[in-house]
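[1] coordinates only, sequence not included:
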């Protein structure tokens, strides 16, 4: 075997190993971790002017993902219900092409913040396991809840319960 073939074989083995790791063994951000400064990830779009001290629902999605499309009306309802109470929803597209994201957004009109991770740096930092995956972050900036996938009413119930719980906690 040539030297570079061995390197490729080793890389493939590592990739296969990473795919088979259980979610808890992943290296990305998880419950209890601090939310990194989103401004450092060069996201396309406009971050909210002030997110410090707010509860954040950070959602990773893609235009090709049917559960993502199903989750958008639920997140819009959460936005309408909780924005005035200190909750900010930030939906981050991982689409490679901006046109795909824009086409998706034309079909699901929303008022919450949508951005695109064109360089795939934020999604890599989180090591997002599936689309959609959302992270509920408390006012102190700590990741408190992680939702892999969107399971309709069950996920909506969890979002509401968890947001209400975070709203009752004392502000930092």
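    Received the coordinates, thanks. This one's a predicted model, so the numbers in the text were calculated from it and none came from an experiment.

[2] for the rest of this, base every contact and every neighbour count on C-alpha atoms.
    Will do.

[3] strands along this protein, start to end?
    For the chain, the strands defined by DSSP state E cover 55-61, 87-93, 113-116, 133-137, 143-148.

[4] so which of those is nearest residue 101?
    strand 87-93 (6.8 Å; Cα to Cα).

[5] rewinding a little: okay if I get the strands of the chain as JSON lines plus mean pLDDT, distance to residue 79 and mean neighbour count?
    Below are the strands of the chain laid out as JSON lines (pLDDT from 0 to 100; distance: least, Cα to Cα, whole Å; neighbours: other Cα atoms under 10 Å):
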{"stretch": "strand 55-61", "mean pLDDT": "98", "distance to residue 79": "10", "mean neighbour count": "25"}
{"stretch": "strand 87-93", "mean pLDDT": "98", "distance to residue 79": "7", "mean neighbour count": "24"}
{"stretch": "strand 113-116", "mean pLDDT": "98", "distance to residue 79": "10", "mean neighbour count": "20"}
{"stretch": "strand 133-137", "mean pLDDT": "98", "distance to residue 79": "13", "mean neighbour count": "23"}
{"stretch": "strand 143-148", "mean pLDDT": "97", "distance to residue 79": "17", "mean neighbour count": "18"}
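
[6] of the ones you listed, which is nearest residue 44?
    Of these, the one closest to residue 44 (Cα to Cα) turns out to be strand 113-116, at 5.0 Å.

[7] which helices and strands does that closest one pack with?
    If contacts are counted by 3 or more Cα pairs under 8 Å, 6 or more residues apart in numbering; DSSP states H and E, strand 113-116 sits against strand 87-93.
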